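*Asks:* need a structure here:
(2 chains)
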Amino acid sequence: MIETIAFYIFAFAVLFFAIQVVRTEYVMRAAMSLICVLMGTAALYLLANAEFAAAVQILVYVGGIVVLIIFAVLLVHNLGEARVVHGPVNKFGALALSLALFMFTSTITTMDILLPSLELGPTSQYCLVVDTHKEAARKVGLAFLSHDRPVNTESEQFNTCVDGVYGSGKDDYHAWMSSFSDSGEYYDGWVPSFSNSKTTGGYVVPFELLSLVLLAALIGSTAIARIKVPYSPDSAADNREDASE
Amino acid sequence: MTITIYHWIALSTLLFSIGAYGVFTRTNAIMALMSLELMLNAAAMNFISFNYYLAPGTVSGQVFATFVIAIAAAEAAVGLAIVIRLFRSRGHVDLSRANRMKN
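*Replies:* Numbering: from 1, shown residues only, chains lettered A, B, ... in the order given. Prediction:
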């Protein structure tokens, strides 16, 4: 019950500040609202047992990206002080387009074919807290460092939780688990993998590739921002074109 | 009254649509980038919620959310570098008037 209330509070806070981000006329206020959105999202991640992602969200997003945005705002002359006047845009068209996007995306995402046997998902019904925080961090670390090692759930913890919290539904859980394996059987600690392999695999190769991508992007952005370019403001023809619009 | 995955999908899709509205209406480059961050955040939230409901006990969703966040960091760095260079050469950061890269 407390999770439900917390979810609604954080969800409405996130949506409110997101609307602030796209509505306000001041850049710094938009950046502050963006911080609130990202912190609220981190709180929601904590409700979804994703402690590692919540920590990364706060460290990288709030501590890195938003600070980068604020630096850019301060480097661009006067942008942080004045109201931002936006060019002529069709707001009703944008609203209609984003509403259509919302309808389309929510319809596609909630189609039955994409959400198989959702009502049997163990977390939603049987157990809210599977991992201790230390255990969750260890599993994420193993997933990042290994390329073929199975990342096991701590089955005894899970079963204790299933028995202790709700006391029923264990048969449903077993049916749900065995529906993912070819033979219909599974051993303790096996994690249902959506491929046919019995290991969930690790992510060391994508992780290293991601490091390279990030390094290349940072070097490239440094190169882009450091090159001295001559100041050549818009020609009179451009300005006349803008004025006529 | 339990929170189902449909609540999460509704939240992340609304967040994505709000970000899309911002990208459509903002002509200031930095504010458009902030709206883009909202959209990326919604995508990462989908990874987390699907991990929580469809594959509990695994960490794949968190790993992919971390990837999304890192890509967002790279995107923000390159985008803001372009914004700063645009401001140095043209004197404004208006997307509707940024129609040439070279001088």
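
*Asks:* Quick one: residues in contact with stretch A:63-77.
*Replies:* Contact with stretch A:63-77 is made by A:27-28, A:31, A:34-35, A:38, A:79-80, B:30, B:33-34, B:37, B:72-73, B:76-77, B:80, B:83-84, B:87, B:93, as judged by CB atoms under 8 Å, 6 or more residues apart in numbering or on different chains. C-beta: built from backbone N, CA, C; applies to glycine.

*Asks:* mind listing which of the residues you listed are in strands?
*Replies:* By the criterion of DSSP state E, membership of these in strands covers no residue at all.

*Asks:* Buried members of the residues you listed into PyMOL, please.
*Replies:* For anyone working in PyMOL, the buried entries among the contacts of stretch A:63-77, judged by 16 or more other CB atoms under 10 Å in any protein chain shown, can be selected with:
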select buried, (chain A and resi 27+31+34+35+38+79+80) or (chain B and resi 30+33+34+37+72+73+76+77+80+83+84+87+93)
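
*Asks:* In helices, which of the contacts of stretch A:63-77 appear?
*Replies:* Taking DSSP state H as the definition of helices, these contribute A:27-28, A:31, A:34-35, A:38, B:30, B:33-34, B:37, B:72-73, B:76-77, B:80, B:83-84, B:87.

*Asks:* Kindly give the local confidence score, pLDDT, for residue A:90.
*Replies:* We note a pLDDT of 80 for residue A:90 in this prediction.

*Asks:* make that residue B:79, sorry
*Replies:* In this model, residue B:79 is scored at 92, pLDDT.

*Asks:* Pretty sure it sits against residue B:34.
*Replies:* No: with contact defined as CB atoms under 8 Å, residue B:79 and residue B:34 do not form a contacting pair (10.3 Å).

*Asks:* quick one: low-confidence ranges for chain A?
*Replies:* A:77, A:79-82, A:87, A:112-139, A:142, A:145-201, A:234-245 (pLDDT under 70).

*Asks:* How is it partitioned into domains?
*Replies:* A:1-87, A:119-245 (automatic domain parsing).

*Asks:* so residue B:42 is in which element?
*Replies:* In this structure, residue B:42 is located in helix B:29-54 according to DSSP states H and E.

*Asks:* just checking, what packs against that helix?
*Replies:* helix A:2-23, helix A:27-47, helix A:66-75, helix A:122-125, helix B:5-25, helix B:60-90 (3 or more CB pairs under 8 Å, 6 or more residues apart in numbering or on different chains; DSSP states H and E).

*Asks:* mind checking which of those helices is nearest residue A:233?
*Replies:* In terms of CB to CB, the element of the helices and strands packed on helix B:29-54 nearest to residue A:233 is helix B:60-90, at 6.0 Å.

*Asks:* show me the residues around the nearest residue to residue B:24 once chain neighbours are set aside that make contact.
*Replies:* Across the structure, with CB to CB, 6 or more residues apart in numbering or on different chains as the measure, the residue nearest residue B:24 apart from its sequence neighbours is residue A:94 (3.5 Å). Contacts here follow CB under 8 Å, 6+ apart; on that basis residue A:94 touches B:21, B:24-25.

*Asks:* ok now stretch B:43-62, how far from the chain's centre?
*Replies:* Between the mean C-alpha location of stretch B:43-62 and the chain-wide mean there is a distance of 18 Å, by CA atoms, centre = their mean, to the nearest Å.

*Asks:* and it, how far apart are its ends?
*Replies:* Terminal residues of stretch B:43-62 lie 12 Å apart, using CA to CA, to the nearest Å.

*Asks:* just stretch B:45-62 next, same as before
*Replies:* One end of stretch B:45-62 to the other measures 10 Å (CA to CA).

*Asks:* got the contact list for whatever helix or strand residue A:212 lives in?
*Replies:* Using DSSP H and E, residue A:212 sits in helix A:204-226. Contacts to helix A:204-226, defined as CB under 8 Å, 6+ apart, come from residues A:144-147, B:67, B:70-71, B:73-75, B:77-78, B:80-82, B:84-85.

*Asks:* cool, and stretch B:70-79?
*Replies:* Counting by CB under 8 Å, 6+ apart, residues outside stretch B:70-79 touching it are A:60-61, A:64-65, A:68-69, A:210, A:213-214, A:217-218, A:220-221, A:224, B:29, B:33, B:36-37, B:40-41, B:44.
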